[in-house]
Structures are given as structure tokens and as C-alpha cells.
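J.: Would you be able to build a 3D model of this:
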Amino acid sequence: MTTPPAPPAVGKGASVKVDQQLYDDLATMMRTGMKLSDALRSAVAIVAGTYRAAWDTGRCPDGVRPTITRYFIDRYDTGQEPERGTVQTSVPTPYRERPTERPTPPGPGPTAGTTRQPTRRT
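T.: Got it, this is the predicted structure:
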């Protein structure tokens, strides 16, 4: 197994070639008033925090890139929005699935009282 590449040293600059996808993504984030460096820090913090949560909770093995398939956005309430140009510094909390099966409500028929697997919405 090869050693993963190391990030730049603290205090050093990072360089990345901007392709059309990165340009579009940065333009989207910067519409909130963020500076380029803030947009990059915010995006990396959210994704890295999600990776750490996946590894810490055993959702996938350490060092394996998790596949992020869902996200949750807090409801927007007028007057409650963050100040323009500010950066999200907190990492989202992981969604926790129900740890146990839910019982099926009693009903007619031979399967009354049995348990079923929780329904997953996609």
C-alpha cells in the first residue's frame, strides 16, 4: 500500500488548476459574498468533516473515500440568514439511522405482530 500524499505545510499556499467545474462551484459559493480562500476552506471543512464522521462511526473503513449521497439543509427563515460573506465553521452532524427495527402495528392476517425492516427513502 502506498502512503497517501501529504497536504501542504501549515502556513504554505496551496495551488490547484481551475477547470470549468471548479470555477462554477467557486462562483456558486462566492455568490454568498465569501472570498475565494473562505469558499475553499468552507468546502474542504465540510467534506473532510463528513469523511471523519464516516470513518469514526464505522460507516466505511478509515482512509476509504466515503460516497456522500444525501445532505440536509436547515429551513430558511427570513431574518435568520447568516451575515453575507461569512463562512460556516461547524461541520454538519452525521445523520443517524434508527439502530433498531420498528415493530409492525398489529393487524389482521398471519403476519400480525411481526417486525419489518425500516423503510429507507431515496
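
J.: ok, and the residue nearest the centre of the chain, which helix or strand is that part of?
T.: Closest to where the C-alpha atoms of the chain average out (Cα atoms, centre = their mean) is T50, at 4.7 Å. Here T50 sits within helix 36-56, counting by DSSP states H and E.

J.: Can you list the helices and strands that that helix packs against?
T.: helix 20-30 (3 or more Cβ pairs under 8 Å, 6 or more residues apart in numbering; DSSP states H and E). The way it works is simple: take the backbone N, C-alpha and C, and place the C-beta from them, glycine included.

J.: How far off centre is the helix it packs on?
T.: Computed by Cα atoms, centre = their mean, to the nearest Å, the chain-centroid distance of helix 20-30 equals 18 Å.

J.: picking that back up, quick check: angle from the helix holding T50 to helix 20-30?
T.: Here helix 36-56 runs at an angle of 100 degrees relative to helix 20-30 (axes from the mean of the first three to the mean of the last three Cα atoms, to 10 degrees).

J.: what residues does helix 36-56 touch?
T.: With contacts defined as Cβ atoms under 8 Å, 6 or more residues apart in numbering, helix 36-56 is touched by 14, 25-26, 29-30, 34, 59-66, 68, 85, 87-89, 91-94.

J.: what comes up buried for stretch 8-27?
T.: L26 (16 or more other Cβ atoms under 10 Å).
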